[in-house]
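Colleague: everything below, folded, please.
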Amino acid sequence: MGGSLLVSVERGTSKLELVLHLCYIDQVQDITMAGYTLPLNKTRLLCLEAKPHNNATAEVSNLNDPIGTVVQVTIKSRNARPSKVELAIFAIEQHDITTAIERLLLGHVNGSEKLPECVVIREDRLLGYILVGERKKWTYGRRKQFYWGRHPLRSGEDKWVFYFETTKLQVNYTGR
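Modeller: Numbers count the residues shown, from 1 in each chain. Next up is the predicted model:
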């Protein structure tokens, strides 16, 4: 079972729409980076590989070359006090949300063209949600040095905050 997410990227007056195709871990083993998920209303540091590779055959040419980039990511509920329904929808979609954010940020830190300061990820296939991502300069992180074992990591230039909001179910729906 797979799915896709529509990602809208606005650049000035023009709007670029990207579709992120999601593959589940049981279909393709190397699509997701780890067996974790990003939590709601908490901040995490993500280590994104410089060039995804097979760890079993990876060779490091120089121990001083950064092998990845560390990025600060926060997912916040659009509502100050999320309902049980919103929390349940987030929990159901948490793995896909994490995968979408990872892919978006991998493209941002490793791509030749940076994403705009605001991106929108919209999921309409099941329960429905919108993630509005905003990036800002990460001055605190630029002053830090990160390592993966003995290997240095780059500090990301930007930090990201994604605002989560449900779209299909009413926020005040209490169920039966």
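
Colleague: strands of this protein, start to end?
Modeller: In the chain, the strands defined using DSSP state E lie at 2-11, 14-23, 42-49, 68-77, 118-123, 129-137, 146-148, 151-166.

Colleague: which residues touch the fourth one?
Modeller: By C-beta atoms under 8 Å, 6 or more residues apart in numbering, the surrounding residues in contact with strand 68-77 are 38-50, 86, 90, 97, 101, 105, 109-110, 131, 138, 141, 146, 148, 153-156, 158-165. To be clear about C-beta, it is placed using only N, CA and C from the backbone, and glycine gets the same treatment.

Colleague: quick one: least confident helix or strand in this protein?
Modeller: Ranking every helix and strand in the chain by mean pLDDT, DSSP states H and E puts strand 14-23 at the bottom, with a mean of 39.

Colleague: hang on, Glu49 packs against Ile67?
Modeller: Yes: contact criterion C-beta atoms under 8 Å: Glu49 and Ile67 qualify, at 7.0 Å.

Colleague: show me where pLDDT drops low in the chain?
Modeller: 1-34, 51-64, 169-176 (pLDDT under 70).

Colleague: what about the longest helix in it?
Modeller: helix 84-110 (DSSP state H).

Colleague: quick one: contacts for the residue nearest to Glu117 when sequence neighbours are not counted?
Modeller: In space, Glu117 comes closest to Arg135 once its chain neighbours are excluded; the distance is 5.5 Å by C-beta to C-beta, 6 or more residues apart in numbering. With contact taken as C-beta under 8 Å, 6+ apart, Arg135 is in contact with His108, Leu115, Glu117, Cys118, Asp158, Lys159, Trp160.
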